[in-house]
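A.B. asks: the following comprises the amino acid sequence and a computationally predicted model.
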Amino acid sequence: MVYIRKMFIWSALILVSAVLAVVLQWASLPAATLLGPMLAGMVFALRGVDLTVPRWAFTGAQSVVGCMVALAMSPSILSTLIQSWSAILFAIALVIIFGALVGHGLMHFGTLPGNTAAWGTSPGGAVAMVAMAESFGADIRMVA
């Protein structure tokens with residue numbers, strides 16, 4: 001019975017994710033296929049649905065994202081990075097500083113628990129931040 005319930009919930013999540021992705025794509029929003037499932041996952045989590053992804057599936061998804069990023073790299077992108085290294089380092093420093101300030105503010109005013117606020121506002125790849133946050137005991141749904 002538990003297995004059937006989990007399959008129903010996973011099916012509903014996939015259906016809602018697909019519908020939201022199509023609607024957002026139709027509205028010409030950027031990253032619609034990322035935002036639709038993210039919104040669906042947030043709605044399900046806020047309604048108390050507890051689904052866990054097997055470790056192998058999570059690692060596999062990370063691998064696919066890594067390969068997609070690697071495919072997007074080209075020599076012209078690398079030459080642009082080399083030419084604009086000082087502006088890029090300045091922007092990275094600002095992102096780190098402002099992320100730390102926002103995280104400190106969220107921890108100080110008690111909006112989020114300390115670990116969750118710190119990891120959720122840390123700049124970096126979202127997948128990496130969620131993975132590290134999980135290791136440190138933060139609520140990975142809030143971090144994501």
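C.D. replies: Happy to help now that I have it.
A.B. asks: CA atoms for contacts and neighbours, from now on please.
C.D. replies: Fine.
A.B. asks: all the helices of this protein, residue numbers only.
C.D. replies: Remark: helices assigned in the chain by DSSP state H are 2-26, 32-46, 55-72, 75-83, 85-108, 114-120, 126-135, 140-143.
A.B. asks: what packs against the fifth one?
C.D. replies: Using 3 or more Cα pairs under 8 Å, 6 or more residues apart in numbering; DSSP states H and E as the contact criterion, the secondary-structure elements in contact with helix 85-108 are helix 114-120.
A.B. asks: ranking the helices of the chain by burial, who's on top?
C.D. replies: helix 114-120 (a mean of 23; mean count of other Cα atoms under 10 Å).
A.B. asks: what stretches of this structure score poorly on pLDDT?
C.D. replies: Applying pLDDT under 70 to the chain flags residues 110-144.
A.B. asks: mind giving me the domain split of this structure?
C.D. replies: 1-52, 74-143 (the TED database).
A.B. asks: which one of the ones you listed lies closest to V65?
C.D. replies: Within the domains of the chain, the stretch nearest V65 is domain 74-143; the backing value is 9.1 Å (Cα to Cα).
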